[in-house]
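Enquirer: one predicted model, sequence on top.
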Amino acid sequence: MKPDQLLRPAPAGLYCPAGDFYIDPVRPVARALITHGHADHARAGHGAVLATRETLDIMAIRYGEDFCGTMQAAALGERIDLSGVAVSFHPAGHVLGSAQIAVEKSGLTIVASGDYKRGTDPTCAPYEPVPCDVFITEATFGLPVFHHPDPKAEIGKLLTSLRQFPERTHLVGAYSLGKAQRVIRLLRDCGHDAPIHIHGSLARLCDYYVGRGIDLGELRPATLEKSSPADFRGAVVVGPPSAFADRWARRFNEPLVAFASGWMMVRQRAKQGGVELPLVISDHCDWPELTATIRELAPSEVWVTHGREEALVRWCELTGIPARPLHLVGYEDEGD
Ligand SMILES: [Zn+2]
């Protein structure tokens, strides 16, 4: 069997004709396998959805309980038969519940990794290498210029700023699924014990993480209705980046805007966003992690989904591994 017969790019996403399912489809389909809960991968309106328990729960939190027709939870490592195609889910280390999906038929294995990273993250299970013939990788930070620093060193910059500017409210922009909880957990691991204030839109996902055993310490709502801006002096307020553009943010005491994202490596992006304190914390692989993963797996072929495909495809070819870009559309790095 040729890899293309097992899995191929289609307008709705990666499609498996033998099993009649899609992986992370970008439009409603009859059967979807979902790698993780970020909005560009997990969409509402499918018939049947197969995903990890956490991803299903996260989708229900974001879209409501009736986000699909029927759902099935896949345990990590469990082999599930879909019309003669064996599928299994394996940790991707990206956000809580994130999984790579291995698709196997007639001795051929393709692994669709979704989004993944190799760095330590106490808020989710670590990436697990899955031997395969074809490895499908993202390339969000697929350029040699991308090297992500140690996330604890980045949090150290935030703690230094808190000491330097004890009057100012430190607003930390972080995407609501994954990044926000990771930033809070990192602050705790770096010794920040004070209550952390969260924007209302983060509350349910933070509660869910806590319910799954991830201790986030004391969290308080960042509402100004019942308190005065002075109450937030020297406090950390975490919220989605979009919230910091609106009036809500300007009511805090001399707000200092930080933003936790892999894109903060690009100085221009930080400047344009009015970010005073860029924190380079990413939930994706940087270039060394991407290339080390491909070397480690040594697949016979690499397919590159979204991001900066060309450089990674070129690198694979120079390394002697056939590679091609899939040109899938509709993935926008919600959780970079
Ligand atoms: Zn993602």
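Expert: That came in fine, so what should we check first?

Enquirer: could you find the closest non-adjacent residue to Pro9?
Expert: Leu326 (4.7 Å; C-beta to C-beta, 6 or more residues apart in numbering). Yep, even glycine has a C-beta here, placed from its N, CA and C like the rest.

Enquirer: quick check, that neighbour in contact with Ile136.
Expert: Yes. Applying C-beta atoms under 8 Å, one finds Leu326 in contact with Ile136, separated by 7.4 Å.

Enquirer: shared neighbours of those two, which are they?
Expert: Each of Leu14, Trp303, Val304, Thr305 lies in contact with both Leu326 and Ile136 under the rule C-beta atoms under 8 Å, 6 or more residues apart in numbering.

Enquirer: shouldn't the second one be within a strand?
Expert: Yes. Trp303 forms part of a strand when assessed by DSSP: H, G, I helix; E, B strand; the rest coil.

Enquirer: could I get the contacting residues of the residue nearest to it when sequence neighbours are not counted?
Expert: Spatial nearest neighbour of Trp303, chain neighbours left out: Ile136 (4.5 Å); criterion: C-beta to C-beta, 6+ apart. By C-beta under 8 Å, 6+ apart, the contact set of Ile136 is Leu7, Leu14, Ile110, Val111, Ala112, Ser113, Val302, Trp303, Val304, Thr305, Leu326.

Enquirer: sorry, back to before: list the contacts for the residue nearest to Pro9?
Expert: Pro9, Leu14, Ile136, Trp303, Val304, Thr305, Glu309.

Enquirer: just name the closest of the residues you listed to the ion, please.
Expert: Nearest to the ion among these, counting by C-beta to the ion, is Thr305 at 11.6 Å.

Enquirer: so how far is Thr223 from that closest one?
Expert: Noted for Thr305: a distance of 39 Å to Thr223, by C-beta to C-beta, to the nearest Å.

Enquirer: same check, this time on Val111
Expert: Val111 is 44 Å from Thr223, by C-beta to C-beta.

Enquirer: swap in Gly13?
Expert: On the measure of C-beta to C-beta, Gly13 and Thr223 end up 39 Å apart.

Enquirer: how many residues are close by the residue of the stretch 151-300 of the chain found nearest the ion?
Expert: Closest residue of the stretch 151-300 of the chain to the ion, C-beta to the ion: Asp283 (6.6 Å). The number of residues packed near Asp283 is 32, by other C-beta atoms under 10 Å.

Enquirer: and the residue of the stretch 101-250 of the chain found nearest the ion, how many residues sit next to it?
Expert: In the stretch 101-250 of the chain, the residue that lies nearest the ion is Asp115 (3.6 Å; C-beta to the ion). The local packing of Asp115 (other C-beta under 10 Å) involves 31 other residues.

Enquirer: and it, which of the three is it?
Expert: Quick answer, by three-state DSSP: Asp115 is coil.

Enquirer: which pLDDT value belongs to Glu296?
Expert: Per-residue pLDDT puts Glu296 at 98.

Enquirer: ok, and the closest non-adjacent residue to it?
Expert: Distances taken as C-beta to C-beta, 6+ apart place Pro129 nearest to Glu296, at 5.8 Å, with adjacent residues excluded.

Enquirer: so what's Gly262 up against?
Expert: Counting by C-beta under 8 Å, 6+ apart, Gly262 has contacts Thr140, Phe141, Phe146, His148, Val280, Ile281, Ser282, Asp283, His284, Asp286, Asp336.

Enquirer: the second one: neighbouring residues, count only.
Expert: The criterion is other C-beta under 10 Å. On that basis, Phe141 has 25 neighbouring residues.

Enquirer: ok, for it, nearest residue in space, not its chain neighbours?
Expert: Asp286 (5.1 Å).

Enquirer: quick one: the strands in the stretch 1-150 of the chain?
Expert: 8-10, 13-16, 21-23, 31-33, 46-51, 68-73, 80-82, 85-91, 99-105, 108-112, 134-139 (DSSP state E, counting those that start in this stretch).

Enquirer: check which helices and strands the second one is in contact with.
Expert: Other elements packing on strand 13-16 under the criterion 3 or more C-beta pairs under 8 Å, 6 or more residues apart in numbering; DSSP states H and E are strand 8-10, strand 21-23.

Enquirer: looking at Gly13 and Thr223, which is more packed in?
Expert: Using other C-beta under 10 Å as the criterion, Gly13 and Thr223 rank with Gly13 on top: 25 against 11.
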